[in-house]
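S.K.: Any chance you could fold what I've pasted below:
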Amino acid sequence: MTRTLRASASACSNIALIKYWGKRDFEWNIPLNDSVSMTLSEAVTTTTVEWDPELKQDEIYLGGERVLDQRGLRVSRYLDRIREQYYRMHARVASVNSFPAGTGIASSASGFAALGLAAIAALGEGLPDEVEMTRWARRGSGSACRSIQAGFVEWVGGDDDASSVSRQLASPDHWDLRDFVVVLSRAPKAISSSEGHRIAARHPFMAARQEHLAARMLAVKGALANRDMATLGALVEHEAMEVQAIMMSGEPSALYLQGETIRLIHALRSWREDEGLPVWFTLDAGPNLHVLCEGSHALAVRRKLEAAAPRAELLENRPGPAATVHDDHLL
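M.R.: Numbers count the residues shown, from 1 in each chain. All right, here's what the predicted structure looks like:
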């Protein structure tokens, strides 16, 4: 093969309503439990992959700068999986985010969904079907499988590489749900999500968590199907705090929450309980709060958040689109 092959793809991040935390298989990113998420319309990664037979090693560019650290190594190791099945060729990879990476907005989800889609598309042999593409994304980062599809997505954890796939529960137009990401910090996390999964897997609380998760999954899927905001919000808040408790009480402790995070949680609960504003929250592995409401209350919630956290960046997301291949190249 003598010609250079190139393709670009974009994928949205997602926010887990039922969390993926802890793995049964670290090599293939097989989770301890199923999860449910909403794809985030405004948290987008765009990636270009250019396979080049003249290259002696991969060249990885993130945010316009070449990286030679663990981030680049993780990308190359993922490309090795693709090389094993397709061609033994190195690649140039350029990737940019519309949001801060490494701060609990699941940048690895959108990142590896876009990377896998672009890398396979660039080979020019056609894309796998959607289910197979979720497997490819998951092999790079577990939650990336949920960023392949639009709207509301379930990741069926499965027992092995073949059975761990995601599927769409509802399209973006099923429900005008909003997720405001309140960006309180852009600083990278002291304990990465990858390390957090290892800590969680040996946590004594994890066995008890698994016992009641199936019932919570059914309840969340029912609330999504019925567009029941009060039920969904209560379930999602409880889920978020349960996982944070496991994070905080692990060895070592992953204390992602900051004082400003806690202050906003108290404010949000006051808006709901004292003022009747139907608004709830969730969190990922980071200090930045995800604030959930229906579209009819989005303006009121935005005004509250702007007043309560005037220096914070707000990213207002609707249920987002599926990952796509396109011609807007970065290389």
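S.K.: name the helices or strands packed onto whichever strand or helix holds residue 82?
M.R.: If you go by DSSP states H and E, residue 82 is part of helix 70-85. If you count contacts as 3 or more Cβ pairs under 8 Å, 6 or more residues apart in numbering; DSSP states H and E, helix 70-85 packs onto strand 59-62, strand 91-97, helix 107-122, helix 130-140. For the C-beta atoms, the positions are set from N, CA and C on the backbone; glycine is no exception.
S.K.: Toward the C-terminus, what is the element adjacent to the shortest one?
M.R.: If I follow you right, that is strand 59-62. strand 65-66.
S.K.: pLDDT averaged over that following strand - what is it?
M.R.: Here strand 65-66 scores 96 as its mean pLDDT.
S.K.: and if you look at stretch 241-255?
M.R.: On average, stretch 241-255 scores 94.
S.K.: Just the CA trace of that stretch, in CSV.
M.R.: Taking Å, rounded to 0.1, in the frame of the first residue of the first chain, the C-alpha atoms of stretch 241-255 are listed here in CSV:
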residue,chain,number,x,y,z
MET,A,241,-23.7,10.4,45.6
GLU,A,242,-23.4,6.6,46.1
VAL,A,243,-20.6,6.4,43.5
GLN,A,244,-18.9,9.5,45.0
ALA,A,245,-19.0,7.8,48.4
ILE,A,246,-17.1,4.8,47.0
MET,A,247,-14.6,7.2,45.3
MET,A,248,-14.0,9.1,48.5
SER,A,249,-13.7,6.0,50.8
GLY,A,250,-11.4,4.1,48.5
GLU,A,251,-7.7,3.4,49.1
PRO,A,252,-6.3,5.8,48.1
SER,A,253,-9.2,8.2,48.4
ALA,A,254,-10.4,9.9,45.2
LEU,A,255,-11.8,13.2,46.5
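S.K.: and for that stretch, what are the contacting residues?
M.R.: Applying Cβ atoms under 8 Å, 6 or more residues apart in numbering, the contact partners of stretch 241-255 are 19, 21, 190-191, 195-196, 199-200, 203, 205-206, 209, 256-257, 283, 285.
S.K.: let's see it at 10 Å
M.R.: 16, 18-22, 189-193, 195-196, 198-206, 208-209, 212-213, 216, 256-257, 261, 265, 281-285, 287 (Cβ atoms under 10 Å, 6 or more residues apart in numbering).
S.K.: now the longest strand along the chain against strand 91-97, angle please.
M.R.: Across the chain, the longest stretch assigned as strand under DSSP state E is strand 35-51. Calculated by axes from the mean of the first three to the mean of the last three Cα atoms, to 10 degrees, strand 35-51 forms an angle of 140 degrees with strand 91-97.
S.K.: just how off-centre is strand 35-51 within its chain?
M.R.: In terms of Cα atoms, centre = their mean, to the nearest Å, the centre of strand 35-51 is found 8 Å from the chain centre.
S.K.: relative orientation of that strand and helix 107-122 in degrees?
M.R.: Comparing the axes of strand 35-51 and helix 107-122 via the same axes, to 10 degrees yields an angle of 50 degrees.
S.K.: Lowest-scoring secondary structure element of the protein by mean pLDDT?
M.R.: Ranking every helix and strand in the chain by mean pLDDT, DSSP states H and E puts helix 193-201 at the bottom, with a mean of 89.
S.K.: for it, packing partners?
M.R.: strand 23-25, helix 107-122, helix 229-248 (3 or more Cβ pairs under 10 Å, 6 or more residues apart in numbering; DSSP states H and E).
S.K.: Let me have these in JSON lines, extended by mean neighbour count and distance to residue 276.
M.R.: Formatted as JSON lines, the helices and strands packed on helix 193-201 follow (neighbours: other Cβ atoms under 10 Å; distance: least, Cβ to Cβ, whole Å):
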{"stretch": "strand 23-25", "mean neighbour count": "16", "distance to residue 276": "41"}
{"stretch": "helix 107-122", "mean neighbour count": "28", "distance to residue 276": "34"}
{"stretch": "helix 229-248", "mean neighbour count": "18", "distance to residue 276": "12"}
